[in-house]
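*Asks:* Need coordinates for the following:
(chains A, B, C and D, ligands or ions: 6)
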Amino acid sequence: MTWCPGCGDFGVLEALREAFSRTGLDPAQTVLVTGSGCSSMIGFFVKTYAIHGLHGRALPIAWGVKLANPSLKVIVAGGDGDAFAVGAGHLVHIARRNPDLTYLIMDNGCYGLTRGQASPTARRGGMAEENGAGQPINPLAFLITAGATFVAQGYSEDPQSLILLIQQALNHHGFAAVNILSPCPTFNRPEAAPPYRPEVVNIEATSHPVHDRLEALRLAMTEDDRLRVGVFYRENRDVLNEKPKGAGREDGRDDLTRLGEIMDELKP
Amino acid sequence: MTWCPGCGDFGVLEALREAFSRTGLDPAQTVLVTGSGCSSMIGFFVKTYAIHGLHGRALPIAWGVKLANPSLKVIVAGGDGDAFAVGAGHLVHIARRNPDLTYLIMDNGCYGLTRGQASPTARRGGMAEENGAGQPINPLAFLITAGATFVAQGYSEDPQSLILLIQQALNHHGFAAVNILSPCPTFNRPEAAPPYRPEVVNIEATSHPVHDRLEALRLAMTEDDRLRVGVFYRENRDVLNEKPKGAGREDGRDDLTRLGEIMDELKP
Amino acid sequence: MFHFMRAAMEREDRIIRIAGEGGQGVITIGELLDRAVAQIGLNVLTESTFTSEIKGGDVMFQLTASPLPVPSQGDRLDILVALSDRGYRTNKDKLSPGCVLIYDHEDTRPEGLSGVILYPIPMMDISESLGNPILKNMVALGAVAQLFSIPMNVLQDQIRKRFSKKDPSMLRMNLKALEAGFIYAAEQIRKQDPYQIPLEKRKDDFLLLNGNEAIGLGALLAGCRFYSSYPITPATTIGDWFSRYLPGLGGSVIQAEDPIESAALTIGASYAGAKAMTCTSGPGLDLMQECIGFAGTAEIPIVIVDVQRVGPGNGGATQHEQSDLFAAAFGSHGDLPKIVLAAADVRDCLYLTIEAFNLAERYQVPVILLSDASLSRRSQTVSRPNLPEIRITNRILYDSARSSYARYQVTHDGISPMAVPGQSGGEYIATGLEHTETGSPGYSPQGHTIMTDKRFGKLDTLEEDFLPMEREGPAHAKVGIVSWGSTQGSVREAVQRFQQIGADVAALYPKLLWPLPVKALETFASSVKKVVVVEANKQGQLASMIRADTRIETHGIQTYSGVPISPWDIFGKEFIVRRNGEVYFNGAQSSDGVQDGSQGDVVSRVR
Amino acid sequence: MFHFMRAAMEREDRIIRIAGEGGQGVITIGELLDRAVAQIGLNVLTESTFTSEIKGGDVMFQLTASPLPVPSQGDRLDILVALSDRGYRTNKDKLSPGCVLIYDHEDTRPEGLSGVILYPIPMMDISESLGNPILKNMVALGAVAQLFSIPMNVLQDQIRKRFSKKDPSMLRMNLKALEAGFIYAAEQIRKQDPYQIPLEKRKDDFLLLNGNEAIGLGALLAGCRFYSSYPITPATTIGDWFSRYLPGLGGSVIQAEDPIESAALTIGASYAGAKAMTCTSGPGLDLMQECIGFAGTAEIPIVIVDVQRVGPGNGGATQHEQSDLFAAAFGSHGDLPKIVLAAADVRDCLYLTIEAFNLAERYQVPVILLSDASLSRRSQTVSRPNLPEIRITNRILYDSARSSYARYQVTHDGISPMAVPGQSGGEYIATGLEHTETGSPGYSPQGHTIMTDKRFGKLDTLEEDFLPMEREGPAHAKVGIVSWGSTQGSVREAVQRFQQIGADVAALYPKLLWPLPVKALETFASSVKKVVVVEANKQGQLASMIRADTRIETHGIQTYSGVPISPWDIFGKEFIVRRNGEVYFNGAQSSDGVQDGSQGDVVSRVR
Ligand SMILES: Cc1ncc(C[n+]2csc(CCOP(=O)(O)OP(=O)(O)O)c2C)c(N)n1
Ligand SMILES: Cc1ncc(C[n+]2csc(CCOP(=O)(O)OP(=O)(O)O)c2C)c(N)n1
Ligand code: SF4
Ligand code: SF4
Ligand SMILES: [Mg+2]
Ligand SMILES: [Mg+2]
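*Replies:* Ligands and ions are numbered 1, 2, ... in the order given. Next comes the predicted model:
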């Protein structure tokens, strides 16, 4: 089991491995949750705990993992289909809750596994165009509006920036999403889909005001032939994956005592 | 079967009826599609064709109606839960395809029918707050980013503006959404939820540049105690509910001829 | 068959029904009465119906109080309290000679009731004289207290508990109205009926719970520390329970944005080691089927509660039906092993929820617990659980001392140790693809066969492990009833009546419905001449499953009217009782007259 | 039992298998061969397997060509073409004496094959000498053409059709490689085998289709003018079909963003009057269950095709299984009437799709058509449908001349006229809530009972209306096989073999699976001594449904290995054939030796 020769996902895997090792993640304390798709196979290629296979539900599964054990490092990875087609609703709701998760979206503008149909991010003029496609989703604008507190864009062919972006995402406290252009040479070939051999611009070099949501949106919505790589938006907001504040335990009473109290309340 | 006394949905129903009659809609040519929720009961109170009851799926059902018969006027109505909770994924995808539909969202910040839990638009500090709610969805920013080509906000207690907004939405060629603040006095009482007895500002009076997406987003994201009513954003874009361009029929050949040709292609 | 009715009426239970419209506070005074009567030490069982509109619509609340356990809502009334004329009219058919009617003579004019004892109370007048027309219900409650000797201090206590948090003036008004009703009844009504609420102090320590609360309590006792759901009637209040109590136990509660999300969250939480649950009703169960299939394939234990309502589609959100059994057992595509349990009463809601977690953990499968609309709001007293006695099962964990680990190892019983994130050396991938022992995608013909057998093989010992199942009646009987879910109560009551008249009827109440407890069913069937399956659905879903997996011929009593099956639906309609006390099941619904049992061989297979 | 095998080998069909790895073009040359052989007028049937990885993984393509109709993929090989050593090794067990092996001796060294005729071809060398190592497959195809007399001009034609749109240099290269293979075989290989592809011209006009294309064609012929789906293997290519042909017929095709959306779109389109369909596989079917329940309750006709794959969970996307029957019949919560059909071959895919639309329109219910992974890519020839002969049913429309209209009117047969938007006076609300005749929410006990009976009552006449069902074999037999879906082909072939040896076996192939065709099944069962249900799933899903709804005792042959059941799985493994030609079913899978039929009474109920 492997990807096609030249698949962008190889680059993402390499960058992820490198970022893991630089960040010093303990595989036993790390959970990588993926959905379904070529890109979601990445879970089979790492040595951490992992979950694979429910198309579009990687994010809520991952949030469930994190809620149950906040001490784990939880990473979500998968395709643009997983993130923006079936999974769009979850992304909208989980981003705004800002759990401490890292989401790596491997965006190839198509459904690779099912042989290349247009995904919601399919660029106009690409091979993968289908009936009634409409205007594509702008992944970065989508994530910023949804309420993600760290939004970046990477490129599988630009490993050095990508490693740094993944590292920053892993270190961000809150919901960090990196949309990674990761071409599918089999179904969405560079010569057919112009943005797939793009001129790369690293926005870190510019003076982009990374804490300004509207400026971030403006930049995200700027569409030309160039691929902007870097951190578009960043914010500090309450993180919601920790167990609810004021939760018991701290007061030293054990479960049995608490359960007894609950039952006392249930006397008529 | 009716709504609670004081429910905002009465005002929306009145405005809808008035807008229908001003627009001169033919009930036989009009389909009102709703989901599930108190607000979705509105389908039982009109004299048009209607569909009711699949929570969160009103929009794709409506689009199906329109695709099958583009000559119909198709209106979608329902709650904030229907639109932004279960239905959020559909909204994202259908808005960007810009079908010729009118969507009236009756936003009460809660799930009225199931007795008032917080919905994704529940304002902070309202009665309806729940565990892990996170930052609420900003309906207007959501709609604009998603790609709706007409985005407005109304208020059930401001019938005159509301009628005009619904009329404009009905006349818009493309996906027109009106988010209507429609308070639920039973579960989300004005005194508990500050935005529910808001100071109303009509943005039509200001010089808001309605075709500028970023300015529209800026205005949508401006959050204070005032309720801004009016058209936030408007755009002309290809409408995708018509049958695919270049579709047959025009060439005068009948189905039988075409089917015969298709079968010819299937000879080995 | 009137003599059977009389026999039933000689019981010591009292049934009081309050009827009116949405917004009148029917449920409020019903619940106060319920709590008061329970507090003084009686067994209670409540039944209520209303529609899902928030305001308006018929509402009724019924309370049965008895020194003995109350099996079901019964099929008669002793006392009807009509808060409105509509409340009176929709219920007057239930009034038989000897019944009491309490009503407001300003709006209601009872006519043509023979032998019914009438107690008119000017509820609206009194309420308005206190300055608030909304207090009618409390006036009625006061009158009820006076007429049937319910201690006022207990009622006042309950009212204080309920209203104290809200504004104190409300509390005062309500207490005043209660008293006004009491005084009016004492001064103006001459008691003509024999009913009193007996004052018996229960000696055990007990709780008062409805079905949904019992599920919540059961989950907490089982060790559930993660809960997520999306609101849906009649399951919603289980979420309220967890929001109230789970954070205090260090657990997490998430109101998800749709049922799929809640199921996915639950799967993630369980993978991470938490005991996790989600609750829903039919439409939500449909949406969760893909997640259920994933959990089953990846062998992640989860508990799903389905509080059934009228289906199909959105159906009737507040109404009663037992029609999700097929969907629970067969709904997710492919060959998927899972466990389906059904709760018959509030006590079951508590203990079967614990069992659901135990089974999920032991077998690493999705466990679906079926409850229903009636049970969700049925209030019953339950002995206080003794915490140390509760048996808790936890999943078999990977032993990190071992050198190599294959998550899906094919073991002798099919159950493979599970690693939990944090355990070093246990890193594995859980996948919904068919897989090898280590979790890699595995597409070989042998592989899929072996893994399918492994997953199903886990449940081979289930019927022996899981015993809860009740049988009652004689060891051999002409007719053996099989029933499930809350219908059990009415069957139990019907069986009691059959016994009173010396008729030969036994009953079996399975709690494990899937995989079907074949041995127990066949043993039961071999002890009776005819098996009659009683259930509240059209298709005879359990009967169909029994026929599929056993050699038993089944006859069916099915109702699908949105209200629970009553004892009379069983006792009265479908059985032929001969003078000598012998009883036969008459398969043909429309047939009447006494038939000989030997003619009853016509099989009423239910399609 | 080797003599049975020999009997089978005397048939006139030829089975050629091409095996290799993903990316080698196995499927490409398989399809070219298929089309060429079909074009010269033979009956064909193909079977292929591969995994869902895009590159790499085992791939095989098998073609059976015969002057007679080909019922199944069979269970033997005549010719194996190995494009790689792995392709050789995974298939060598299939080679028996007299078979031909074509391989590249540079990478493959066949050993220990007795009696197999070896034709080594230096495919890679030749390919590389043409400047492109990717042409190995075409070299092999050329050799095959030469060795088994497949007319080169026909193959060249097919290659031109396939490559002409792509770059012309590709086309040239491929033709060159074909020729090189042909020449090499002609010059270097001495033919030792007796195989030739017979040249028989079919007289009828015929099409070559796979199962998914046949579904697409059937839908167009039925009048389907709206299609939406979300890609999912093995259903995806049905979407490709509609994208290609439906717009030309004025219809709409939407690639939805998830399976739920596609089902909702389909419902809306049908409400508006279009015949509408969606296609999916198991995980998508799970997600659609809520929509299916809505359509059933609101009585909106829709057609859902489920191309089954290995389940549960994501299972195996490209692999074969028949395990979604339970989910199709019972998956949506509540008591929901619906119709489930299953296609057995490519012809069925075409005509049952038409039937699915007819039934949906007539009964206003959701109709689920089951196909499967094997069928989805099985290529077969089908006589060209005669358009004017195809019977099309349309929904009963509201008559706008009438003065009043109640959409859900309770009629004698339960079918109520439907209004379509645009019809004045027909305005109504379709709702998933339980409702009255006019569509208002209706919660009365009588109301729900009546409407449930109405919805189920619609299907009372279904079994009489819908006849497609085949029976074969003697009028009375010792063993009667019931089978469904594409397993039918292997059963048919097994029954032919039983007939050849004079054994007493009949078979019934129902196409309507739910509601179960009870009468036909019982008539069949009464004509045989034992009923054996053959299906590719673990639980014996159809067998279970038959036991539930009929008095038939079933025995089961089930495989669940991800590949189709073969004739030998039926003919060889589970039956005991005595010297006199009598045949008994041996229920116990592990038993061996010849048993007397009278001992076979042990019931092998399938759990
Ligand atoms: C419910 C459901 N629908 C459809 C599928 C089929 N499917 C699997 S992956 C996939 C999309 C893959 O696209 P993407 O997520 O972008 O991943 P990629 O293969 O492009 O990396 C689809 C449609 C599925 N597994 N489950
Ligand atoms: C699949 C599914 N989940 C849950 C429900 C229960 N439900 C019905 S309406 C509703 C939310 C109502 O909120 P909203 O859409 O805002 O409408 P409102 O009642 O506030 O007008 C819910 C959760 C359902 N009908 N179906
Ligand atoms: S199909 Fe595309 S996305 Fe999938 S592995 Fe191949 S190149 Fe990568
Ligand atoms: S509950 Fe709220 S939204 Fe529903 S009808 Fe009453 S006031 Fe309106
Ligand atoms: Mg992709
Ligand atoms: Mg709402």
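*Asks:* May I ask you to confirm that A:Thr30 is in contact with A:Lys73?
*Replies:* Yes - using Cβ atoms under 8 Å, A:Thr30 is in contact with A:Lys73, at 4.6 Å. To be clear about C-beta, it is placed using only N, CA and C from the backbone, and glycine gets the same treatment.
*Asks:* Pull up the distance across stretch C:269-287, start to finish.
*Replies:* One end of stretch C:269-287 to the other measures 19 Å (Cα to Cα, to the nearest Å).
*Asks:* is chain A contacted by the helix or strand harbouring C:Leu32?
*Replies:* Here C:Leu32 sits within helix C:26-39, counting by DSSP states H and E. Yes - interface with chain A: helix C:26-39 contributes C:Asp34, C:Arg35, C:Ala36, C:Ala38, C:Gln39 (Cβ under 8 Å from any Cβ of the partner chain).
*Asks:* Next, the angle from whichever helix or strand comes after that helix to helix C:26-39.
*Replies:* Next along the chain after helix C:26-39, taking DSSP H and E as the criterion, comes strand C:43-50. Orientation check (axes from the mean of the first three to the mean of the last three Cα atoms, to 10 degrees): strand C:43-50 against helix C:26-39 gives 170 degrees.
*Asks:* what comes into contact with strand C:43-50?
*Replies:* Contact partners of strand C:43-50, identified using Cβ atoms under 8 Å, 6 or more residues apart in numbering or on different chains, comprise C:22, C:27, C:30-31, C:34, C:37-38, C:57-73, C:208, C:210, C:318-319, C:374, C:377-381, C:489, C:563-564.
*Asks:* Quick one, which of these are buried?
*Replies:* Listed as buried from those are C:22, C:27, C:30-31, C:34, C:37-38, C:57-66, C:70-73, C:208, C:210, C:318-319, C:374, C:377-381, C:489, C:563-564; burial here means 16 or more other Cβ atoms under 10 Å in any protein chain shown.
*Asks:* Which pLDDT value goes with the residue in the stretch 1-150 of chain A positioned nearest to ligand 6?
*Replies:* Ligand 6 sits closest to A:His93 of the stretch 1-150 of chain A, with a gap of 15.4 Å, by Cβ to the ion. Listed pLDDT for A:His93 reads 95.
*Asks:* ok, for it, nearest residue in space, not its chain neighbours?
*Replies:* Spatially, and ignoring its direct neighbours in sequence, A:His93 is nearest to C:Glu257 (4.2 Å; Cβ to Cβ, 6 or more residues apart in numbering or on different chains).
*Asks:* What of C:Ser527?
*Replies:* The shortest distance from C:Ser527 to any residue other than its chain neighbours is 5.3 Å, reached at C:His476 (Cβ to Cβ, 6+ apart).
*Asks:* Is any residue of the longest strand along chain A near chain B?
*Replies:* For chain A, the strand with the greatest residue count under DSSP state E is strand A:226-234. No - figure legend: strand A:226-234 not in contact with chain B (Cβ under 8 Å from any Cβ); closest approach 13.0 Å.
*Asks:* mean confidence score for the strand or helix carrying C:Leu287?
*Replies:* Per DSSP H and E, C:Leu287 falls inside helix C:282-298. Helix C:282-298 carries an average pLDDT of 98.
*Asks:* ditto for stretch C:81-95
*Replies:* Per-residue pLDDT over stretch C:81-95 has a mean of 95.
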